[in-house]
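J.: with the input below, show me the fold.
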Amino acid sequence: MLNWISANIGTIVISLILLAIVGLIIRSLLRQKQQGKSSCGCNCAHCAMHGSCHSHAPSQGKQ
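T.: Alright, predicted model coming up:
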């Protein structure tokens, strides 16, 4: 077992670093979602979720 770990230490270290980076990205995305931020570019005409993404308040002056 110790021989296998020493033979693959580079792969193990890189895998742990990548796992930590992915974890930080996921945490950042979850925090942004909780704060109400999004990565939306506001080009709603071409978005399949345009009806549920932004709240569209009715305009006051038009009847």
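J.: can you list the buried residues in whatever helix or strand residue 3 lives in?
T.: Of the helices and strands defined by DSSP states H and E, residue 3 is found in helix 2-7. The neighbour-count check on helix 2-7 (16 or more other C-beta atoms under 10 Å) flags nothing as buried. Every residue, glycine included, has its C-beta placed from N, CA and C.
J.: and the next element down the chain from that helix?
T.: Stepping forward along the backbone from helix 2-7, the first helix or strand reached (DSSP H and E) is helix 9-34.
J.: on contacts alone, who are the packing partners of that following helix?
T.: Counting contacts by 3 or more C-beta pairs under 8 Å, 6 or more residues apart in numbering; DSSP states H and E, helix 9-34 packs against no other helix or strand.
J.: any idea how far it is from the chain center?
T.: 11 Å (C-alpha atoms, centre = their mean, to the nearest Å).
J.: what residues does the helix holding residue 3 touch?
T.: Surrounding helix 2-7, the residues in contact under the criterion C-beta atoms under 8 Å, 6 or more residues apart in numbering are residue 12.
J.: low pLDDT regions in this structure?
T.: Low-confidence segments of the chain (pLDDT under 70): 38-43, 50, 53-63.
J.: in space, not sequence, find me the middle residue of it.
T.: residue 29 (3.8 Å; C-alpha atoms, centre = their mean).
J.: next, count neighbours for residue 15.
T.: Other residues near residue 15 number 11, with proximity taken as other C-beta atoms under 10 Å.
J.: next, work out how far apart it and residue 7 are.
T.: Separation of residue 15 from residue 7 (C-beta to C-beta, to the nearest Å): 14 Å.
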